[in-house]
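Enquirer: pasting a predicted model and its sequence here:
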Amino acid sequence: MRYLTAAFAAVICSAAAADTTIYYDDGTTYTLLNGEEVFVSYNDMFTKQEYLDNGQILFSPRYPNRKRDYVETSDPSDGLTPGGPEWCAVYEPFQDGYTFSDAIWSKNCNGG
């Protein structure tokens, strides 16, 4: 029972510390920092400021976040047939660990 409780606590702590990542349509991502908030809206958003001494209310526009953590780079092997001579000439293996593309490279390009 003690081990089950410890395992459950570990899962809860890791879930509470999980990062929130936004995936954009263009392939880029942004990971929220601690205390950072997200607002999703298809309309313009504004921040309201009240000045109590003269009673004025000021609305300032909120702008979309332009920051990104990861921007997908174009791969020179895009559009080429995997395993073909042109693809083998431009492909750089093992950039993301061992992937299916690395297996194709090992079999067709590396004499494997």
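Expert: Arrived safely.
Enquirer: next, name the residue at the spatial heart of the protein.
Expert: T29 (3.0 Å; C-alpha atoms, centre = their mean).
Enquirer: show the contacting residues for that residue.
Expert: Listed by C-beta atoms under 8 Å, 6 or more residues apart in numbering, the contact set of T29 reads 21-23, 68-70. (C-beta placed from N, C-alpha, C; glycine too.)
Enquirer: return the item of these having minimum pLDDT.
Expert: In terms of pLDDT, the lowest of the contacts of T29 is Y70, showing 73.
Enquirer: what's the neighbour count on it?
Expert: Residues lying near Y70 (other C-beta atoms under 10 Å) number 13.
Enquirer: got it, and D19?
Expert: By other C-beta under 10 Å, neighbour count at D19 equals 9.
Enquirer: do the same with M45
Expert: M45 has 12 nearby residues by other C-beta under 10 Å.
Enquirer: could you verify my assumption that it touches E37?
Expert: No. M45 lies out of contact with E37 (C-beta atoms under 8 Å); the separation is 11.7 Å.
Enquirer: sorry, back to before: and which of the contacts of T29 is nearest to N54?
Expert: Nearest to N54 among the contacts of T29 is I22, at 39.1 Å by C-beta to C-beta.
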